[in-house]
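# This is the structure alone, sequence omitted:
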């Protein structure tokens with residue numbers, strides 16, 4: 001797998017993203033803050049070469065960056 005498939009039309013190459021396991025926030029039980037149970041996904045649309053110009057522009061205008 002070399003991409004993160006969002007839906008049938010959108011995929012993010014793993015080379016353009018940073019994915020890491022983190023300690024999840026909030027209530028949790030016995031293992032809270034002891035194990036990495038959350039995922040932090042970073043994708044900078046402004047630097048993406050895989051997404052169309054129109055998609056990048058629309059997301060930047062929405063403030064999703």
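Everything's here; your move. Nothing here was measured: the structure is a model prediction, and the numbers come from that model.
# which regions of the protein lie under the pLDDT threshold?
By pLDDT under 70, the low-scoring segments of the chain are 1, 26-36, 64-65.
# where along it do the helices fall?
Here the chain has its helices, by DSSP state H, at 53-62.
# Now do the same contact list for the residue nearest the centre of the chain.
Centroid-nearest residue in the chain: residue 41, 3.3 Å away (criterion: C-alpha atoms, centre = their mean). Residues in contact with residue 41 (C-beta atoms under 8 Å, 6 or more residues apart in numbering) are 4, 17, 18, 19. Quick note: C-beta positions are derived from backbone N, CA and C, even for glycine.
# Recalculate using a threshold of 7 Å.
17, 19 (C-beta atoms under 7 Å, 6 or more residues apart in numbering).
# can you tell me how far it sits from residue 60?
Distance check for residue 41 against residue 60: by C-beta to C-beta, to the nearest Å, it reads 18 Å.
# Repeat that for residue 3.
With C-beta to C-beta as the criterion, residue 3 and residue 60 are 21 Å apart.
# what do you get for residue 19?
Residue 19 is 22 Å from residue 60, by C-beta to C-beta.
# what number of residues lie near residue 5?
Residue 5 has 10 neighbours, counted by other C-beta atoms under 10 Å.
# same question, the one 5 residues further on
Look at residue 10: counted by other C-beta under 10 Å, it has 12 neighbours.
# Where do the strands of this structure begin and end?
Here the chain has its strands, by DSSP state E, at 3-5, 11-13, 17-22, 38-43.
# Give me the sheet partners of the first one and which way each runs.
By that I understand strand 3-5. Applying DSSP bridges to the sheet, strand 3-5 is found paired with strand 11-13 (antiparallel).
# who's in contact with the strand it pairs with?
2, 3, 4, 5, 6, 43, 50.
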